[in-house]
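Peer 1: Turn this into a model:
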Amino acid sequence: MSSNKPLRGVRIISLALNLPGPAALLRLARMGARCTKITPPAGDPLQHYTPDGYALLHQGVAHKTLDLKSAAGQNVLHKLLPQTDVLLTSFRPSALHKLGLGWKTLNKQYPALSLIQVVGAPGPLAEIPGHDLTYQAEAGLVNGMDLPASLFADMGGALMATEATLKAVLSFKTTGKGSRHEVALSEAAAWLALPRQLRMTTPDGAVGGAHAGYRVYACKNGRVAVAALEPHFALSLCKAAGLPLAHPVKDLFKPETQQAIAAFLASKTRQQLDKMAAALDIPLLSLPA
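Peer 2: Residues are numbered from 1 along each chain as shown. Down below sits the predicted model:
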């Protein structure tokens, strides 16, 4: 891990619950920010889903429990805000306004404070309920009846919230004023889905299965993820398979090339393929069945 701490001295308070806020807070803490997580008396739902994960995501983060719906909780928060650089939230805008934490109110009371709002969808759509699964589905990342392999919208949103915090810090250094930044999980999902929208990862796309050098194949005692996409890697793979190529690019999209590579890999064990990859500089990784 880098010892560089670009956010050293930056003070962040997070009210953000569930995964995106804590994931962003972890990255910000690792960049040197002084982070405090404020949770309601009932706790963060993430604590109930994955206690170990919650602990991991809050390493190096201070904790306070406040009931922001009470006058006492509000008073404590407002004593902290004058010494805070960035406030991170994940409430719907209407809920934020009910708590007296809307941007106009905050900016008037604390001109140097920046607000990072993690929401489900941008603008007025932020009031519509949703979750990682619905945002991934909207972006075309949900196949059939299977759940996605990871919470891509949430984790993409965490990265975007981190980016927004860096923007806010840089903006303050230039203007001396706080700024507001909205991070929409639906937009994070759409950004991660861009390769699919560009047909790169659809079945007819080069990294969607059409290119014989970029697929998952069966081998003798498991599977092998082959990523020989560039011509020199593909040539090395085909040479190892004893497969002559007349046109190194076009031939990799032919079904017969894929069939020949599949037959070659199926005849090898994981250990043989790992050894071959190291010897011939081929990007592949063997996997259990």
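Peer 1: what about the helices in the stretch 101-250 of the chain?
Peer 2: For the stretch 101-250 of the chain, the helices defined by DSSP state H, counting those that start in this stretch occupy 103-109, 132-138, 152-175, 185-192, 194-197, 231-240.
Peer 1: which one of those helices has the most crowded surroundings?
Peer 2: Comparing the helices of the stretch 101-250 of the chain by mean neighbour count (mean count of other C-beta atoms under 10 Å), helix 185-192 ranks first with a mean of 22. Backbone N, C-alpha and C define where each C-beta goes, glycine included.
Peer 1: got JSON lines for the helices of the stretch 101-250 of the chain, with distance to Ala16 too?
Peer 2: Below are the helices of the stretch 101-250 of the chain laid out as JSON lines (distance: least, C-beta to C-beta, whole Å):
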{"stretch": "helix 103-109", "distance to Ala16": "15"}
{"stretch": "helix 132-138", "distance to Ala16": "14"}
{"stretch": "helix 152-175", "distance to Ala16": "8"}
{"stretch": "helix 185-192", "distance to Ala16": "12"}
{"stretch": "helix 194-197", "distance to Ala16": "25"}
{"stretch": "helix 231-240", "distance to Ala16": "42"}
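Peer 1: Low-confidence regions, this structure specifically.
Peer 2: 1-3 (pLDDT under 70).
Peer 1: Can you give me the domain boundaries for it?
Peer 2: Split into domains by automatic domain parsing, the chain comes to 11-196, 206-287.
Peer 1: the strands in the stretch 1-150 of the chain, which residues?
Peer 2: Per DSSP state E, counting those that start in this stretch, the stretch 1-150 of the chain carries strands over the ranges 11-14, 34-39, 62-65, 86-89, 114-119.
Peer 1: Mind checking the ones you listed for the one nearest to Val142?
Peer 2: strand 114-119 (20.7 Å; C-beta to C-beta).
Peer 1: and that closest one with helix 185-192, angle?
Peer 2: Here strand 114-119 runs at an angle of 80 degrees relative to helix 185-192 (axes from the mean of the first three to the mean of the last three C-alpha atoms, to 10 degrees).
Peer 1: returning to what we had before: I'd like to know which of the helices of the stretch 101-250 of the chain lies nearest to Asn4.
Peer 2: Comparing the helices of the stretch 101-250 of the chain by C-beta to C-beta, helix 152-175 comes nearest, at 13.2 Å.
Peer 1: could you dump the strands of the stretch 1-150 of the chain to a markdown table with distance to Thr165 and mean neighbour count?
Peer 2: Output for the strands of the stretch 1-150 of the chain, formatted as a markdown table (distance: least, C-beta to C-beta, whole Å; neighbours: other C-beta atoms under 10 Å):
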| stretch | distance to Thr165 | mean neighbour count |
| --- | --- | --- |
| strand 11-14 | 7 | 23 |
| strand 34-39 | 10 | 21 |
| strand 62-65 | 17 | 12 |
| strand 86-89 | 6 | 26 |
| strand 114-119 | 6 | 26 |
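Peer 1: Redo these as CSV? Include distance to Gly157.
Peer 2: Formatted as CSV, the strands of the stretch 1-150 of the chain follow (distance: least, C-beta to C-beta, whole Å):
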stretch, distance to Gly157
strand 11-14, 14
strand 34-39, 17
strand 62-65, 22
strand 86-89, 12
strand 114-119, 6
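Peer 1: Can you check which of those gets nearest to Tyr49?
Peer 2: Proximity to Tyr49 (C-beta to C-beta) singles out strand 34-39 among the strands of the stretch 1-150 of the chain, at 14.2 Å.
Peer 1: centre of the chain versus the closest one, how much separation?
Peer 2: Counting by C-alpha atoms, centre = their mean, to the nearest Å, strand 34-39 is centred 21 Å from the centre of its parent chain.
Peer 1: Show residues contacting it.
Peer 2: If you take C-beta atoms under 8 Å, 6 or more residues apart in numbering as the criterion, strand 34-39 is touched by 9-15, 17, 22, 25, 28-29, 44, 58, 60-66, 68, 77, 80.
Peer 1: do that again at 7 Å, thanks
Peer 2: The contact list for strand 34-39 (C-beta atoms under 7 Å, 6 or more residues apart in numbering) reads 10-15, 25, 28-29, 58, 61-66, 77.
Peer 1: Ok, stretch 246-258 next?
Peer 2: With C-beta under 7 Å, 6+ apart, stretch 246-258 has contacts from Ala210, His211, Ala212, Gly213, Pro231, Ala234, Leu235, Leu243, Leu245.
Peer 1: The fifth one and Ala278: what is the separation?
Peer 2: As defined by C-beta to C-beta, to the nearest Å, Pro231 lies at a distance of 20 Å from Ala278.
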